[in-house]
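Below: sequence and its predicted model.
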Amino acid sequence: MGGPGRLCLGDPAKDPLRIPRRAHKRGSRTRLLRIGPGVFTTKPFVHDYWEGVFLVSGDLAVGNDANGKGGTKFEAFTYACRPPGAHHGPFRSDRGCLLYEIHYYDPP
């Protein structure tokens with residue numbers, strides 16, 4: 001993904017997750033996020049918006065340790081919805097995966 005953004009929590013050498021900066025805390029955005037085989041993050045994430053995540057293809061484990069081991073594994077066609085302030089992750093994908101994400105703020 002090009003342009004300005006901030007690197008999310010995790011190991012910068014292995015963490016491909018970049019979220020664009022939001023000057024205005026309103027509205028929504030969607031994105032496709034591809035995570036490569038063997039990639040994992042090392043710390044939980046938390047943000048101030050709602051997030052819907054659909055696992056389009058591949059596998060995704062949630063709750064692994066700092067070495068990328070363990071966690072609960074999910075396969076394609078899994079959906080999760082997280083409210084603002086919910087801690088989630090770390091994440092790992094053994095075979096790689098494609099996620100469709102919807103991020104949105106509550107209306108003022």
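Right, received. Where do you want to start?

Sticking with D106, tell me its helix or strand.
Take DSSP states H and E as the rule and D106 turns out to sit in neither a helix nor a strand.

what about it, how many residues close to it?
For D106, the neighbour count with other Cβ atoms under 10 Å is 11. (Glycine included, C-beta is placed from N, CA and C.)

Then R26?
The burial count for R26: 11, using other Cβ under 10 Å.

Quick one: residues contacting the closest residue to it other than its chain neighbours.
Once flanking residues are discounted, R26 sits nearest to Y105: 5.1 Å by Cβ to Cβ, 6 or more residues apart in numbering. By Cβ atoms under 8 Å, 6 or more residues apart in numbering, the contact list for Y105 reads K25, R26, G27, S28, D48, Y49, W50.

out of the residues you listed, which are inside strands?
S28, W50 (DSSP state E).

out of the contacts of Y105, who has the most neighbours?
Once you tally neighbours by other Cβ under 10 Å, Y49 ends up highest among these, having 20 neighbours.

Could you tell me how far it is located from G63?
Look at Y49 and G63: by Cβ to Cβ, to the nearest Å, they are 21 Å apart.
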